[in-house]
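# sequence and predicted structure below; questions after.
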Amino acid sequence: MSSELKKHNTIGCCGIDCGLCPIHISKSNSSCPGCGAYDFYDKHPSCGLLTCCAKNHRLETCSECKDYPCKRFDSEKKGYDSFVTHKKVFANQEQIKSLGLDRFLFEQKKRIDILNYLIENFDNGRSKSFFCQTCTLLPQESLDEIRQYCNLIDNSLALKDRNNAIKELIYKISESLNIDLKLRRK
């Protein structure tokens, strides 16, 4: 199927933060268009959640369904696998239920904007996934602090030095919050 099933492809029916996913923001041929976007089924032909939620019920996310959480979600609320965007599916669904989809998308856009800024100004060619994890897992207040700190880093520094400076702050903040970003330091 090559048509769009959803209006908002930066949030998955299941609650995955597609807009913060390195595969979604990739510029390669293997990039993912986002949940329910044009040609999504070409990349993910067997997504039962998208079929049920968007195609059959015409919803944007599962949390909008009267049967959420249904049997398609694991009962222990652990998420589906170790991929970082899966770690927030239940928290995202609960936020959508409590805030509403429009407010959730507004808040998510703040994260996406910070991610794009980090990639454009601090990515040394090997930090995109790290920045995606940062913007997915850290609370918004911490991301705002990181973004403000970016303004203090001298733009005349070599990219490697700017990258090291921002990563050092991110590690410091994540460790203080007991959030493991699970990437090796370089």
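That came in fine, so what should we check first?
# in this structure Phe90 contacts Thr61, no?
No: the pair Phe90 and Thr61 does not pass the contact test of Cβ atoms under 8 Å, sitting 11.7 Å apart. No exception for glycine: its C-beta is placed from N, CA and C like everyone else's.
# show the end-to-end separation of stretch 5-16, please.
16 Å (Cα to Cα, to the nearest Å).
# now that stretch: mean pLDDT?
For stretch 5-16, the mean per-residue pLDDT is 91.
# give me the contacts around that stretch.
The contact list for stretch 5-16 (Cβ atoms under 8 Å, 6 or more residues apart in numbering) reads 17-19, 24, 33-37, 40, 47, 49-50, 52-55, 59-63, 73, 80, 85-86, 88-93, 96, 101, 104-105, 108-109, 112.
# one step back: quick one, which of Phe90 and Thr61 is more surrounded?
Thr61 (26 against 18; other Cβ atoms under 10 Å).
# separation between Glu4 and Asn92?
21 Å (Cβ to Cβ, to the nearest Å).
# report the buried residues of the longest helix anywhere in the chain.
In the chain, with assignment by DSSP state H, the single longest helix is helix 101-122. By 16 or more other Cβ atoms under 10 Å, the buried positions in helix 101-122 come out as Leu101, Phe104, Leu105, Gln108, Arg111, Ile112, Ile114, Leu115, Leu118, Ile119, Phe122.
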